[in-house]
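Undergrad: Any chance you could fold what I've pasted below:
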Amino acid sequence: MKAAGWLRAEVRGPSMVPTLYDGDRVLARRAVRVRPGDLVVARYPALDRLVVKRAVRAGPDQRWWLASDNPFAGGDSAVHGPAEVLARVAWRYRPLRRRQR
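TA: Numbering: from 1, shown residues only. Okay, the predicted model is just below:
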C-alpha cells in the first residue's frame, strides 16, 4: 500500500480543457481507490514530470490507461502508454489573481 497523504499539482497546458485550465491547481489524495472516469495525478515512465489526466482503465501491472479531456491536445496514454497513478484528484482550485497597479 502506498503512503497516504495529499499531493498538490498545477495544471499546465490545454490537455484537460474544458474540465481543467492552464494554471488551475488540484489537491489529490494518495492511497485511495481509483475508478474509471476519475481525475488523477500520475507519472508516465518516460516523462520526468507529473500529469493530471482522466483514468480510463486499469492494466494488469497496476498501471492505468489515461486520457486527456481535450482530444486535440494529446499527451495521454495513446502517446506515452500506461502510467503509474499516484493520487486521485479531490479538489480543483484557481489561484487568486493579484491586481495590477
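Undergrad: only C-alpha atoms for contact and neighbour calcs from this point on.
TA: Fine.
Undergrad: show me where this protein has helices.
TA: Counting by DSSP state H, the chain has these helices, from start to end: 77-80.
Undergrad: where do the strands sit along it?
TA: For the chain, the strands identified by DSSP state E occupy 5-10, 25-30, 39-43, 50-58, 64-67, 84-93, in order along the chain.
Undergrad: ok, L66 - how many residues close by?
TA: A total of 31 residues lie near L66 under the criterion other Cα atoms under 10 Å.
Undergrad: for this protein, which spans come out with low pLDDT?
TA: Within the chain, the set of residues satisfying pLDDT under 70 comprises 1-3, 98-101.
Undergrad: returning to what we had before: tabulate the strands of the chain (a markdown table), appending distance to S77.
TA: Listed next are those as a markdown table, based on distance: least, Cα to Cα, whole Å:
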| stretch | distance to S77 |
| --- | --- |
| strand 5-10 | 19 |
| strand 25-30 | 20 |
| strand 39-43 | 11 |
| strand 50-58 | 9 |
| strand 64-67 | 5 |
| strand 84-93 | 11 |
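Undergrad: Out of those strands, which gets nearest to D76?
TA: With Cα to Cα, the closest approach to D76 among those belongs to strand 64-67: 5.1 Å.
Undergrad: Go through the strands of the chain and name the closest to M16.
TA: Nearest of those to M16, taken as Cα to Cα: strand 50-58 at 6.9 Å.
Undergrad: Next up, the contacts around the residue at minimal distance from the centre of the chain.
TA: In the chain, the C-alpha nearest the mean C-alpha coordinate belongs to V52, at 1.7 Å (Cα atoms, centre = their mean). Contacts of V52 were listed using Cα atoms under 8 Å, 6 or more residues apart in numbering, and they are A9, V11, M16, L39, V40, V41, A42.
Undergrad: For the closest residue to the fifth one other than its chain neighbours, which residues are in contact?
TA: Spelled out, that is V40. Closest residue to V40 in three dimensions, ignoring its sequence neighbours and counting by Cα to Cα, 6 or more residues apart in numbering: R88, at 4.4 Å. Each residue near R88 by Cα under 8 Å, 6+ apart is listed here: A28, R29, R30, V32, R33, V34, D38, L39, V40, V41.
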